[in-house]
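>>> Predicted model and sequence below, questions to follow.
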Amino acid sequence: MESLTENEAKEKAEALRLMIEEMKASRKRPLGPSSSLPLSKAPKHSANESRKPKENPYLAYTSPDNESSEFVDDRIISSDKRRIREQHAFQFVPKGQYVEAANVFRAREAHQEFINNKKSKDARRHFRMLVDGEPGADIHSPAIEIARVLQQTIPQIEWWDMPFASQKSTEQATFENLKIENQKTFKLVEHPTFIKPLIPLNTKSRSIPLYLTKKERRRIRRQKRSERQQDMRDQVAAGLMPPPPPKVKLSNLMRVLGEQAVADPSRLEKEVYEQTQARIKNHEMRNLASKLTPAEKWEKKQKKIREDSVGAPTVTVYWVHNICNPAEIAASNRFKIDVNAQKFGLTGCLVAVSDESTKGANLVLVEGGERASTKFEQQMLKRIKWPGFNGSPGCLKMWSGKGMKSFHSKFEFHDFTSVDDARKFCRQKGIVDYFDMIC
């Protein structure tokens, strides 16, 4: 529909307003055709004259191409809210829409793959033609450069390997002549020699036990007791064992027995007391049965000592100021050292020098497990009362660490009159370094 000018629109609106006012005044004459002139001046038609069909003034702005179309008025701003609501509303997808799209995608991919295969086949055929020198090959193709690189000879040695070659020329150098010593900076780097470890690598180490806390031990004991009680209940319910008698005590006598306690309380009280004593005695007997015998205790201690002694021995060196005088104290201290060494399964020796001019040249060397050495250290430094000098302790720990092997099969005592004799003995045993620590 062609757009109207502003003047034409005003004239039509004025004519329509006048027509509506006349209809309200007369209420007789129907709506007539719209005109730009007043109705009073409208031309009259004769009876013989052919009359035109009446036009609806409200349809004056209807599109002439489509009479059934909606009313279109350019003066009114159209809104797209209805169209947006229709787009956002639920709509069914036509059947076969996605299948058709998938078929189109597969056809496109198949066509592209066919083109790529054809290109690769043409490139390989062209490359073979270039290598074989067949006519028809494009000499300006990039593939000709690849063919030229392949025809080049590979050098015997690359430039980055030349610093390690003994010959400076590439023709004479080979891979057999490559050595790291030929590099100029090799002499500037310090290469320490390999030192054999003191402790063999295949030595079995002592496993560290897992110690539980007090709370964890209680929880485990509670769980085991609950499992035993539940097992007993299941056996009673299945009829495999009779139910246990009620646990009667003096505090619950009346509540458990009831009328029987009222009838003869003295007799029942005596029976309850006997049952209580029997339970206490059974408890003590079970504890005694679970205890280890003296032989089992000794075997358990020896087993712990053997487990602690696995692997490289722990060597500890002690210096003692005076181990010979006075005789009574010296004998007592030697006895304590010997007994504790045997108790903890330690080996070693005591080297004592009785020369008055060289006091303090006394060595105590122990070898054994780590835990046993720690306990023996408590005996040497705290339990044994050594005679001191000038307010200083009479025994000091000089060194402790892991040794390569044990030099003794048991704990021994050796007395010498001079330091030279003691050093000579230590050199024969292989412990002269330990003796030099104290003297």
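Alright, I've got the coordinates.
>>> And the strands in this protein?
For the chain, the strands defined by DSSP state E cover 314-320, 347-353, 362-368, 395-402, 411-416.
>>> so which of those strands gets nearest residue 191?
Among the strands of the chain, strand 395-402 comes nearest to residue 191, with 27.3 Å by C-beta to C-beta. Bear in mind the C-beta positions are built from the backbone N, C-alpha and C, glycine included.
>>> if I look at the spatially most central residue of the chain, how far off is residue 216?
By C-alpha atoms, centre = their mean, the chain has its centre lying nearest to residue 210, at 22.6 Å. Going from residue 210 to residue 216 by C-beta to C-beta, to the nearest Å gives 10 Å.
>>> same question, residue 158
When C-beta to C-beta is the yardstick, residue 158 and residue 216 sit 65 Å from each other.
>>> And for residue 176?
Look at residue 176 and residue 216: by C-beta to C-beta, they are 66 Å apart.
>>> which sections of the stretch 201-350 of the chain are below the confidence cut-off?
Flagging of the stretch 201-350 of the chain using pLDDT under 70 yields the residue ranges 203-206.
>>> what about the helices in it?
All helices of the stretch 201-350 of the chain, identified by DSSP state H, counting those that start in this stretch, fall at 214-238, 253-257, 259-263, 265-290, 294-308, 327-343.
>>> Redo these as TSV? Include mean neighbour count.
Formatted as TSV, the helices of the stretch 201-350 of the chain follow (neighbours: other C-beta atoms under 10 Å):
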stretch	mean neighbour count
helix 214-238	10
helix 253-257	15
helix 259-263	11
helix 265-290	11
helix 294-308	12
helix 327-343	15
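>>> and residue 89, which of those helices is closest to it?
Closest of the helices of the stretch 201-350 of the chain to residue 89 is helix 214-238, at 64.8 Å (criterion: C-beta to C-beta).
>>> Please work out which residues outside that closest one touch it.
The contact list for helix 214-238 (C-beta atoms under 8 Å, 6 or more residues apart in numbering) reads 212, 241, 242, 243, 244.
>>> and which of those residues is nearest residue 331?
Among the contacts of helix 214-238, residue 212 lies closest to residue 331 (C-beta to C-beta), at 44.9 Å.
>>> so what's that closest one closest to, chain neighbours aside?
Spatial nearest neighbour of residue 212, excluding adjacent residues (C-beta to C-beta, 6 or more residues apart in numbering): residue 220 at 7.3 Å.
>>> circling back: out of the contacts of helix 214-238, the closest to residue 268 would be?
When those are compared against residue 268 (criterion: C-beta to C-beta), the nearest one is residue 244, at 18.8 Å.
>>> and the closest one, what is it in contact with?
The neighbours of residue 244, taking C-beta under 8 Å, 6+ apart as the test, are 232, 236.
>>> And it, how close does it get to residue 158?
According to C-beta to C-beta, residue 244 and residue 158 sit 90 Å apart.
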